[in-house]
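K.L.:
Could you work out the structure for the sequence below:
(2 chains)
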Amino acid sequence: MITITGVTKAFHKGDVNEVAALTNVSLDMAEGDFITVIGSNGAGKSTFLNALAGSFPLDTGRIVLGDDDVTGWPEHRRASLIGRVFQDPLLGTCAGASIEQNLAMALKRGQRRGLGLGVKAADRALFREKLAVLGLGLEDRLKTTTGLLSGGQRQALTMLMATMVRPRLLLLDEHTAALDPKTGAMVLDLTAEIVQAQNLSALMVTHNMAQAISLGNRLVMFHRGEIVLDIAGEEKRNLKVEDLLRRFSELRGGEGVSDRMLLC
Amino acid sequence: MTTYALLGAIEQGFAYGLMVVGVYLTFRVLDFPDLTVDGSLPLGASVSAVAITAGHSPALAVLMASGAGFMAGAVTGVLNTKFRILHLLASILTMIALYSINLRIMGRPNMTLLGQDTVVDWFASASGLMPHVSTPVLFGLVCVVVVAVLVWFLHTELGLAFLATGDNKQMITSQGVNTDTIIIFGVGLSNALVAASGALVAQNQGAADVNMGVGTIIAGLASVIIGETVFGHRTITRALIAALLGSILYRVAIALALGLRLGDFAITPSDLNLITALLVVIALVMPQLKARMKRTVAGRAK
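P.N.:
As a prediction, the model looks like this:
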């Protein structure tokens, strides 16, 4: 059970540029909920994910993951419970380290790091097995420097790393947006597979409405820093892209729908 | 170059070798340009001179120097991570403060170790070698041991977190590592090595001077870059060894430059800073020039 209560965050407080990024956002997630998150640019989707990850302190609100109230925890401490994949494929992996070193670092997420050998021979079998699932041939390239991989390969690797140790919550921030359609689809399939196999609780931000509808068991829509729509179960299964577009234009009160929304 | 002069350059190269390795750790591994070293080198010299004069063993004096260096580096790390001061500025602040601190430690601008026991004397009599041979051997041994320990460390779990901190802060934070702690510890470790180097240099030349640190960072950078260019830096092990060997090449180059004579013109030690600065500029500009040349050639080929 994940309980997010009354999260509020304003940037540039007391400045003419003050932006209310999140206003009193609350969300309860059941164990195994896979929620897709949509909304126009600047609606607060990414800010919400960053708030959960602990990238900045909240103005108000509480975040409880299972038995742990993590509201006051710094980002690196929350990482013991949270796995993340970013929009930028370069952010999730360490370019200078080898594939196996990256995986070894991920295997230690949330644990004390000591003076034991970084990459243990015994872990290599596990790494190979995990990499083989990707079907990218990376299992034979454990010593390859990660910086030499393509964006899609790195994003797939990040996906593995975020779930190497089962996270209580998985945060996916438009993690396929920067990839070409084919690679994006591959990473998305992988995501669905891993989330299902590990029965993960996950939040996935996307601009692609078809994706938002086809994946996950629940959908929330952000608008001006608030959750304005929360659809689950049967209703979500029957949802059509047109329904969402209609909801969007209603929200905007005749402002119309942005090009980016229609392009999906 | 005579054998004697070459041995002297190697001796200098190893004496400053720990400093170069320290600069490599901050500048290349942590991506943290750290000017603290200009203050922590004389700090190490001062601490070791005072400790020896107070009757402590010279080897212990080197350890005390590295302890002091660690604290100096940690101060820079704290200023940068906890108080959000730009790394360059944070390190300059510590460097400036160390000038006063070094004067306080010694109680005067310089201190001679004439007639005092040093690690250099101890090793010369223990090994039975001639002093001009035994000193480079001693310093070389110290450097090899330190580099070996660092190679091992950078392959541990903690070492990987250390490497990742300089490479991708967001990634390693998301894997649960507090990068602030790593930076404070890393800059501390680097300055511990620099201070140890300062202690060795002081014991070798028989004096500590509050001004002996001027230009340390540039000499360190020059050595690191020469090492990388000549010996490569594909793996961390290779890069560390390259940094150490770069230190020797740098001192050899300096010795050769000092022997240069063009008619009435001769290079004097006071020209060294200029030469070193030029060396670093050339080394930094070379890769860009090479890339530009390649592009031009490729453009013509089309």
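K.L.:
so where's the stretch 101-250 of chain A uncertain?
P.N.:
Counting by pLDDT under 70, not a single residue of the stretch 101-250 of chain A qualifies.
K.L.:
now the strands for it?
P.N.:
Here the stretch 101-250 of chain A has its strands, by DSSP state E, counting those that start in this stretch, at A:169-173, A:202-205, A:218-223, A:226-232.
K.L.:
who does the shortest one pair up with?
P.N.:
Same thing as strand A:202-205. strand A:34-39 (parallel), strand A:169-173 (parallel) (DSSP bridges).
K.L.:
mind listing the strands for the stretch 101-250 of chain B?
P.N.:
B:110-112, B:207-209.
K.L.:
so how many other residues sit close to the residue in the stretch 1-150 of chain B that chain A sits nearest to?
P.N.:
Minimum separation of the stretch 1-150 of chain B from chain A (CB to the nearest CB) falls at residue B:29, amounting to 9.3 Å. C-betas here are computed from N, CA, C, even on glycine. Neighbouring residues of residue B:29 were enumerated by other CB atoms under 10 Å in any protein chain shown; the total is 22.
K.L.:
Identify the residue nearest residue 59 in space, chain neighbours excluded?
P.N.:
By default, I'm working from chain A. What sits nearest to residue A:59 in space, not counting adjacent residues and going by CB to CB, 6 or more residues apart in numbering or on different chains, is residue A:8, at 4.7 Å.
K.L.:
meant chain B, my bad for not saying
P.N.:
residue B:119 (5.7 Å).
K.L.:
My guess is the one you found contacts residue B:203. True?
P.N.:
Yes. With contact defined as CB atoms under 8 Å, residue B:119 counts as touching residue B:203 (5.5 Å).
K.L.:
what do the two both touch?
P.N.:
Shared contacts of residue B:119 and residue B:203 (CB atoms under 8 Å, 6 or more residues apart in numbering or on different chains): B:58, B:62.
K.L.:
For chain B, what lies in contact range of chain A?
P.N.:
Residues of chain B found near chain A (CB under 8 Å from any CB of the partner chain) are B:153, B:155-161, B:163-164, B:167-168, B:170-179.
K.L.:
So among these, which ones count as buried?
P.N.:
B:155-161, B:163-164, B:167-168, B:170-179 (16 or more other CB atoms under 10 Å in any protein chain shown).
K.L.:
Just the ones of the residues you listed in helices?
P.N.:
In helices, judged by DSSP state H, the following of these are found: B:157-161, B:163-164, B:167, B:170-174, B:179.
K.L.:
list the contacts for residue A:158?
P.N.:
A:85, A:86, A:89, A:91, A:92, A:93, A:175.
K.L.:
Flag every residue of the stretch 151-264 of chain A that's near chain B.
P.N.:
Residues of the stretch 151-264 of chain A lying near chain B (CB under 8 Å from any CB): A:161, A:162.
K.L.:
Need the strands paired with strand A:202-205 in CSV (columns: mean neighbour count).
P.N.:
Below are the strands paired with strand A:202-205 laid out as CSV (neighbours: other CB atoms under 10 Å in any protein chain shown):
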stretch, mean neighbour count
strand A:34-39, 25
strand A:169-173, 24
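K.L.:
what about the helix ranked longest in chain A, distance to the chain center?
P.N.:
The residue-count maximum for a helix in chain A (DSSP H) belongs to helix A:181-197. Remark: helix A:181-197 is offset 13 Å from the chain centroid, using CA atoms, centre = their mean, to the nearest Å.
K.L.:
Ok, stretch A:40-55 next?
P.N.:
That offset, for stretch A:40-55, works out to 10 Å (CA atoms, centre = their mean).
K.L.:
May I see the buried residues of it?
P.N.:
So stretch A:40-55, judged by 16+ other CB under 10 Å, has buried residues A:40, A:43-55.
K.L.:
so which of the strands paired with strand A:202-205 comes closest to residue A:181?
P.N.:
Nearest of those to residue A:181, taken as CB to CB: strand A:169-173 at 17.4 Å.
K.L.:
what's the angle between the closest one and helix A:181-197?
P.N.:
Angle, strand A:169-173 to helix A:181-197, by axes from the mean of the first three to the mean of the last three CA atoms, to 10 degrees: 170 degrees.
K.L.:
ok, and what's touching strand A:169-173?
P.N.:
Counting by CB under 8 Å, 6+ apart, A:2, A:29, A:45-46, A:49, A:52-53, A:65, A:81-87, A:162-163, A:191, A:195, A:200-205 sit against strand A:169-173.
K.L.:
can you rerun that using 7 Å?
P.N.:
The contact list for strand A:169-173 (CB atoms under 7 Å, 6 or more residues apart in numbering or on different chains) reads A:2, A:46, A:49, A:52-53, A:65, A:81-87, A:162-163, A:191, A:195, A:200-205.
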